[in-house]
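Colleague: predicted model and sequence follow; I will ask about them next.
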Protein chains: 2
Amino acid sequence: MAEDPRKRIELLWGASGRPSRGPKPKLTLEEIVATGIRVADEEGLDALSMQRVAKELGFTTMSLYRYVPSKDRLVEVMLDRAADGPPVFTGEVVDWRGEIEAWVRGLWAMYRLHPWALEARVSAPPIGPGQLAWFEAALRPLTHAGLTGGELISTVMFLLGAVRELAGISFGLEQSRARAGISAAESEAGYDAVLREFADPGRFPSLAKLVGEGAFAPSGLDDEAVDLDLDFGVQRVLDGVEAYVAARRG
Amino acid sequence: MAEDPRKRIELLWGASGRPSRGPKPKLTLEEIVATGIRVADEEGLDALSMQRVAKELGFTTMSLYRYVPSKDRLVEVMLDRAADGPPVFTGEVVDWRGEIEAWVRGLWAMYRLHPWALEARVSAPPIGPGQLAWFEAALRPLTHAGLTGGELISTVMFLLGAVRELAGISFGLEQSRARAGISAAESEAGYDAVLREFADPGRFPSLAKLVGEGAFAPSGLDDEAVDLDLDFGVQRVLDGVEAYVAARRG
DNA sequence: TAGAACTGTGTATCACTTACACAAAATAGT
DNA sequence: ACTATTTTGTGTAAGTGATACACAGTTCTA
């Protein structure tokens, strides 16, 4: 019953040796994946079904199973392919903080392009070519910053996680806003109002204080609110990394 | 078609006034939610179905819909209830870093108790009582550290995201390990081996170097590997916060 | 050139969410 | 007390979706 991890890797890396007998395949994994991504981009993960993908391609549902062992595996490959193309820097690292900031913005942009990637479950470390490319892209500047070994892995995973989660909330809100047909300001005002109603000062004193100060009130730059949240956190991590490396050297 | 956000909140807060006519309900929302949590705890989110919950309770599937508008809403409430009970500190904050560390460990423990919470989609900011309790618990020490307003929100969300994502990977691995019947060391060794095979030094130079140094090799403390990853990141954030506050004051 | 291996298809099964209508139960207003 | 109204739990059924399996046609290998 357990899945062969080898097959997973092979699927992600396209490393399956093609058989010599039998009819030539009329489809390719990448075609299927690209179609899946297109459907998910346009209508979300819920609209993604094997039947839907097959119909788009003009084949029967079951034909897809000659290329993909299950829908879950398909989504896994989609996630990897969607993650292709992190910002690329070459040569010597001259501004590691700038590179990480660009990396974070790039990740954010990737999620904006493929918001369904935030709906999919992620329960394994990066392993496909697309995921590894992002990992690599963050390692470069962080290595230059002075981190080594496990510190690097830790920091990259930490940043990946934070960006993903914040993007999930941001785009999730955006989507429900779109469905409800309200503006970002209205949405934030709604959240603010709910907090004002339920953030009981007895039970949630710090929160109530924060709400009272208007910290959740709609700002002028609505669309960027969560984005700004992200920036602050990233800056703190980078500050922390800098201090850590300095302390070790000093 | 759009969902009434009001109803969502009411469901989360149990704020629906009970009607006076009609038969007395034989079930309660909390009973249903608790059953759902039990099923999900034991067998994962995939095993959670309305039919399953109903059967456990000895009622028909459709009876649940008198208490919950849809399965998605049920899961939303489950997520909130599962999140109840962050570590509680009272009185003056004497060690804000220690409180945050305890908070992170508590969050980690919560996810260990309810790993299905990592499989569910989160696309909205914290709003139920359980989620807000965690928010509050982090605000307390961070406020004492010297952060204010949006900085607080940002930092808490950032930490929430990072912990969630790292827990997702850690427990996801743990689960596939359990299914495959292999040890943590074997699993890590497998990951290491895959990276050695696919981390081409031309394409992923920093990663290849890291792999070559054995950064992904199984450590003695297998079970804690990701946990340690998390600690490092958290420490950097806290360092960064400290530096930020100091700089502003200075 | 025969046999083996592989492809795409058609059919079918099973599980799941949820709409709808009904009968029994409980209350409100007379 | 009585009746109309509201609400509950149930039964039935529709609709969607993943995927197992067997078959017929296709392309190699020996």
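Modeller: Done, it's in.
Colleague: quick one: residue A:99 from residue B:116, how far?
Modeller: Relative to residue B:116, residue A:99 is positioned 37 Å away (C-beta to C-beta, to the nearest Å). C-beta: built from backbone N, CA, C; applies to glycine.
Colleague: more neighbours: these two, which one.
Modeller: For the pair residue A:99 and residue B:116, the greater number of neighbours falls to residue B:116 (24 against 20), based on other C-beta atoms under 10 Å in any protein chain shown.
Colleague: so the more buried one makes contact with residue B:41?
Modeller: Yes - using C-beta atoms under 8 Å, residue B:116 is in contact with residue B:41, at 6.9 Å.
Colleague: now do stretch A:79-94: distance to the chain's middle.
Modeller: Distance of stretch A:79-94 from its chain centroid, counting by C-alpha atoms, centre = their mean, to the nearest Å, is 14 Å.
Colleague: just the C-alphas of that stretch, formatted as CSV.
Modeller: In CSV, the C-alpha atoms belonging to stretch A:79-94 read as follows (Å, rounded to 0.1, in the frame of the first residue of the first chain):
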residue,chain,number,x,y,z
LEU,A,79,3.5,22.2,-7.7
ASP,A,80,7.0,21.7,-8.8
ARG,A,81,6.5,23.0,-12.3
ALA,A,82,4.7,26.0,-11.1
ALA,A,83,7.6,26.8,-8.9
ASP,A,84,10.0,27.0,-11.7
GLY,A,85,12.0,30.1,-12.3
PRO,A,86,13.2,31.9,-9.2
PRO,A,87,15.0,35.1,-9.7
VAL,A,88,18.5,34.4,-10.9
PHE,A,89,21.6,36.2,-9.9
THR,A,90,25.1,35.3,-11.1
GLY,A,91,28.6,36.2,-10.3
GLU,A,92,29.7,37.3,-6.9
VAL,A,93,27.1,38.1,-4.4
VAL,A,94,27.3,41.8,-3.8
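Colleague: got the buried residues for the longest helix that chain A contains?
Modeller: Taking DSSP state H as the criterion, chain A has its longest helix at helix A:149-180. By neighbour count on 16 or more other C-beta atoms under 10 Å in any protein chain shown, the buried set for helix A:149-180 is A:150-174, A:176-177, A:180.
Colleague: do that helix and chain B meet?
Modeller: Yes - using C-beta under 8 Å from any C-beta of the partner chain, we find that helix A:149-180 touches chain B at A:149-155, A:157-166, A:168-169, A:171-173, A:175-176, A:179-180.
Colleague: contacts only, for the spatially most central residue of chain A.
Modeller: Among the residues of chain A, the one closest to the centroid is residue A:164, at 4.5 Å (C-alpha atoms, centre = their mean). Residues in contact with residue A:164 (C-beta atoms under 8 Å, 6 or more residues apart in numbering or on different chains) are A:107, A:111, A:118, A:122, B:161, B:165.
Colleague: contacts only, for the residue lying closest to residue A:47 once chain neighbours are set aside.
Modeller: Spatial nearest neighbour of residue A:47, excluding adjacent residues (C-beta to C-beta, 6 or more residues apart in numbering or on different chains): residue A:39 at 6.0 Å. Counting by C-beta under 8 Å, 6+ apart, residue A:39 makes contact with A:47-48, A:52-53, A:56.
Colleague: buried subset of those?
Modeller: Members of the contacts of residue A:39 classed as buried by 16+ other C-beta under 10 Å are A:48, A:52-53.
Colleague: which among those gets closest to residue B:229?
Modeller: residue A:48 (31.3 Å; C-beta to C-beta).
Colleague: report pLDDT for that closest one.
Modeller: We have a pLDDT of 98 for residue A:48.
Colleague: tell me how far it lies from residue A:32.
Modeller: Where residue A:32 is concerned, residue A:48 sits at a distance of 12 Å (C-beta to C-beta).
Colleague: kindly report the same for residue A:249.
Modeller: Going from residue A:249 to residue A:32 by C-beta to C-beta gives 50 Å.
Colleague: these two: who's more crowded?
Modeller: More crowded of residue A:249 and residue A:32, by other C-beta under 10 Å: residue A:32, with 24 against 7.
Colleague: burial of the residue in chain A positioned nearest to DNA strand C, as a residue count?
Modeller: Of all residues in chain A, the one sitting closest to DNA strand C is residue A:22 (2.4 Å; C-beta to the nearest atom of the strand). Residues near residue A:22, counting by other C-beta under 10 Å, number 7.
Colleague: please, which helix or strand holds it?
Modeller: In the assignment (DSSP states H and E), residue A:22 maps to no helix and no strand.
Colleague: buried ones in stretch A:25-45?
Modeller: In stretch A:25-45, counting by 16+ other C-beta under 10 Å, buried: A:27, A:29, A:32-37, A:39-41, A:45.
Colleague: that stretch close to DNA strand D?
Modeller: No - counting by C-beta under 7 Å from any atom of the strand, DNA strand D is not contacted by stretch A:25-45; separation bottoms out at 9.0 Å.
Colleague: touching DNA strand C at all, that stretch?
Modeller: Yes - for stretch A:25-45 and DNA strand C, the contact criterion (C-beta under 7 Å from any atom of the strand) is met by A:25-27.
Colleague: residues of chain A that sit close to DNA strand D?
Modeller: Counting by C-beta under 7 Å from any atom of the strand, chain A sits next to DNA strand D at A:20-24, A:47-52, A:61-62, A:65, A:70-72.
Colleague: counting only strands, which of the residues you listed make the cut?
Modeller: Nothing among the residues of chain A next to DNA strand D maps onto strands, per DSSP state E.
Colleague: among the residues you listed, which ones are buried?
Modeller: Buried among those (16+ other C-beta under 10 Å): A:48, A:50, A:52.
Colleague: among the residues you listed, which are in helices?
Modeller: Short answer: these in helices (DSSP H) are A:50, A:52.
Colleague: quick one: which of the buried ones among the residues of chain A next to DNA strand D is nearest DNA strand D?
Modeller: Once C-beta to the nearest atom of the strand is applied, the member of these that ends up nearest DNA strand D is residue A:50, at 3.7 Å.
Colleague: tell me the contacts of the residue lying closest to the closest one once chain neighbours are set aside?
Modeller: Leaving aside its sequence neighbours, residue A:50 sits nearest to residue A:61 (C-beta to C-beta, 6+ apart; 5.1 Å). Counting by C-beta under 8 Å, 6+ apart, residue A:61 touches A:50-51, A:54.
Colleague: how about the residues you listed in TSV, adding distance to residue A:195?
Modeller: Output for those, formatted as TSV (distance: C-beta to C-beta, whole Å):
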residue	distance to residue A:195
A:50	42
A:51	42
A:54	45
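Colleague: give me phi/psi at residue A:15?
Modeller: Dihedral angles of residue A:15 (phi, psi; degrees, to the nearest 10) stand at phi -100, psi 20.
Colleague: pretty sure it is touching residue A:9, no?
Modeller: Yes - applying C-beta under 8 Å, one finds residue A:15 in contact with residue A:9, separated by 7.3 Å.
Colleague: those two - which one has more neighbours?
Modeller: Each of residue A:15 and residue A:9 has its neighbours counted (other C-beta under 10 Å); residue A:9 has more, 16 against 11.
Colleague: out of everything not next to it in sequence, what's closest to that one?
Modeller: Closest to residue A:9 by C-beta to C-beta, 6+ apart is residue B:194, at 5.8 Å.
Colleague: quick one: which helix or strand includes the one you found?
Modeller: Here residue B:194 is assigned to helix B:184-198, by DSSP H and E.
Colleague: is the first helix or strand past that helix going along the chain anywhere near chain A?
Modeller: Next in sequence after helix B:184-198, counting helices and strands by DSSP H and E, comes helix B:205-212. Yes - Helix B:205-212 comes into contact with chain A (C-beta under 8 Å from any C-beta), by way of B:205-207, B:209-210.
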